[in-house]
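1. missing the sequence, but the structure's below:
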């Protein structure tokens, strides 16, 4: 099958009549916004880009009839930039700042967008819109306050992680307590409305794209019904972040329905058959959304935007003619497929390719200021906007992009980018006008085109593709590519307009040194404005939250945040009473009894001699005597235990049978009443002590008196005296 080709000439901008402006002054409704995010879509997966002319045409190797039709009537954004990996680019889209400007210097650690930034959903919902989030979140879930319905979205149906274990079974990845298995015991799928954060039940067995498309269609239908029968209908903002075409966390990560895979019967490799089918399923979803917008007559007042979150991973996507891919700072990782469509655009401006510079941070000011007509002051945050309002650049005469630079990556005191071998895994990267400068290691230096089709049908399953028995589930493994890095030391410099493949490094040409120095100065200046990493919770707090979430997930089967804010730490245990130092090397430490809170005394580690002395003690209320060995060398020490035992129980320390006087033994506790004796040793209520220097054994008799204190006398003997006695000053009270 040969699909029709469409040509997109460079966009020429003309005057748009005031009556068609979205932010109108005549009371017309502000436009609905649908922002579709593809995950890991390659620059060459949907269209072919002509380096010389800037035109784009359909990629005949993939089947995307709905996107093709939209581009015939929309605007292709051929110079749209993002970040090299998932969550930082999403943080930029929703905050209107560079990823690093929000603290996302890379996808690293427990990142969550700080609550000091208002997301586009916050701003629009506070100003008359109803916001809905579908699909991938990936912007923090340790606490409920960082999840979508606590950040301006009315509803959220989706998952929190960067990806799921499987497109049909929706398991949580290992970093969310899950397993790399179809039988993953933990599911990462939530169905939240307002303050209610709940698991999404009954979705296993349904392909991801179908779930999110059906939800978007339902939202549009419900809004249409409300719009027809209500005078207070609000415009909607739908943030639709598909899983396609991100690989699943599995040995066979590329996954699509076999029925769609069969459309790629002239694709030679199973990997690209399934990868192509994932792209086609993405296109199917967009087609269903267009269909419901037309059937509900809402398309006329809706703006639809589409972009990939980062460049395609080179193991199953293609970014030709751009160099590199996901995780790299080459343009194959940073410059991605994007387009906008709306009947509100004048007809003569549609079906064009616009080469104006744009960045992910530009979406928020475009939606807030350009479409909703709000002032810039609505974009609250601790950092001014990095994004620009692109609306006028698409809709008015002779307007070029307001953006002249993109600062992709910075290093500073919070993030120095240092890697192994002395070569940074990333470094400062900036584009200003036509020139792009990279320092450090931008990553894998490969250009991957889409494979040429076969002239004859090639059956699926010839190159390690699988089909799950009894299902329509096809899966394939990604390819393993060799490392091929090209470090930019001290820097690389490219004219990316004349050389979009970044194949001609100008760094060694002295004619361009002044340009490089200016770019280095600019990216250094910008880096110094970066905030700390976006880690609102970290360290022990993060680990405790994760452990609690995992324990809950193993019980409920769903990975969900449990707290609104960081729970207060448990109260510290009661501090032990301070040690009383009554003589040099003689210490008695007051401890708290375990069961009834009454004080008792025990030997402190340090009361011993060079012979092994043993101290007896009893856990209050238990008829068991235990022993502890003390291993400190002291010239003279008293090793004692003081306690009030139940039922007049007494304990004594006596010579161990067969031993010498310096090796006292442990004798049993008996229920002897006070005043009895055993082996000639007086007993009282269990106050026994061993004098280490002579081996003598003594017991302190119980007194009926209260407020008695224990201490060491001037002649280095132990005594219990009333605490009111002058002799007891500094001694330890043993009877309350």
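-> The structure has been received and is ready for your questions. What you see is a predicted model, and the numbers here were worked out from it, not measured in a lab.
2. hey, where'd the helices end up in the stretch 201-350 of the chain?
-> Counting by DSSP state H, counting those that start in this stretch, the stretch 201-350 of the chain has helices at residues 208-229, 258-261, 270-295, 331-334.
3. Go through those helices and pick out the most buried.
-> Mean neighbour count (mean count of other CB atoms under 10 Å) peaks for helix 331-334 among the helices of the stretch 201-350 of the chain, with a mean of 30. (C-beta placed from N, C-alpha, C; glycine too.)
4. What segments of the chain are helices?
-> For the chain, applying DSSP state H gives helices covering 65-72, 86-95, 120-125, 208-229, 258-261, 270-295, 331-334, 363-365, 391-395, 513-527, 539-556.
5. Just the buried positions in the first one, please.
-> The reference is to helix 65-72. By 16 or more other CB atoms under 10 Å, the buried positions in helix 65-72 come out as 66, 67, 68, 69, 70, 71.
6. picking up where we left off before, for residue 345, which of the helices of the stretch 201-350 of the chain is the nearest?
-> Nearest of those to residue 345, taken as CB to CB: helix 270-295 at 15.1 Å.
7. Just the angle for the closest one relative to helix 65-72, thanks.
-> Angle between the axes of helix 270-295 and helix 65-72 is 60 degrees (criterion: axes from the mean of the first three to the mean of the last three CA atoms, to 10 degrees).
8. circling back: would you turn the helices of the chain into TSV with distance to residue 246 and mean pLDDT?
-> Listed next are the helices of the chain as TSV, based on distance: least, CB to CB, whole Å; pLDDT from 0 to 100:
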stretch	distance to residue 246	mean pLDDT
helix 65-72	18	96
helix 86-95	8	97
helix 120-125	22	98
helix 208-229	10	92
helix 258-261	17	98
helix 270-295	9	98
helix 331-334	14	97
helix 363-365	20	98
helix 391-395	29	90
helix 513-527	29	97
helix 539-556	22	93
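9. looking at those helices, which is closest to residue 349?
-> Of all the helices of the chain, it is helix 391-395 that lies closest to residue 349, at 7.1 Å by CB to CB.
10. Residue 334 - nearest residue in space that isn't next to it in sequence?
-> In space, and not counting its chain neighbours, residue 334 is closest to residue 81: 5.3 Å by CB to CB, 6 or more residues apart in numbering.
11. residues in contact with that neighbour?
-> 334, 335, 336, 357, 358, 359, 360, 406, 408, 431 (CB atoms under 8 Å, 6 or more residues apart in numbering).
12. re the thing from before, would you mind putting the helices of the chain into a markdown table with distance to residue 172 alongside?
-> Shown next, in a markdown table, are the helices of the chain (distance: least, CB to CB, whole Å):
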| stretch | distance to residue 172 |
| --- | --- |
| helix 65-72 | 31 |
| helix 86-95 | 16 |
| helix 120-125 | 24 |
| helix 208-229 | 14 |
| helix 258-261 | 25 |
| helix 270-295 | 21 |
| helix 331-334 | 27 |
| helix 363-365 | 29 |
| helix 391-395 | 39 |
| helix 513-527 | 35 |
| helix 539-556 | 7 |
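13. could you point out where this protein is predicted with low confidence?
-> Per-residue confidence for the chain (pLDDT under 70) gives these ranges: 1-29, 228, 231, 398, 418-425, 575-706, 708-720, 730-736.
14. coming back round to it: quick one: which of the contacts of residue 81 has the most company?
-> Within the contacts of residue 81, most neighbours by other CB atoms under 10 Å means residue 360, with 32 neighbours.
15. Pull the contacting residues for that one.
-> 80, 81, 82, 83, 89, 92, 93, 99, 307.
16. Just to check, the last one is in contact with residue 39?
-> Yep, that's residue 307 we're talking about. No: look at residue 307 against residue 39 with CB atoms under 8 Å: they stay out of range, at 10.7 Å.
17. sorry, back to before: list the ones among the contacts of residue 81 that fall in strands.
-> Judged by DSSP state E, the contacts of residue 81 include 358, 359, 406, 408, 431 as members of strands.
18. Would you mind putting these into a markdown table with distance to residue 454 alongside?
-> Below are those laid out as a markdown table (distance: CB to CB, whole Å):
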| residue | distance to residue 454 |
| --- | --- |
| 358 | 37 |
| 359 | 39 |
| 406 | 39 |
| 408 | 38 |
| 431 | 39 |
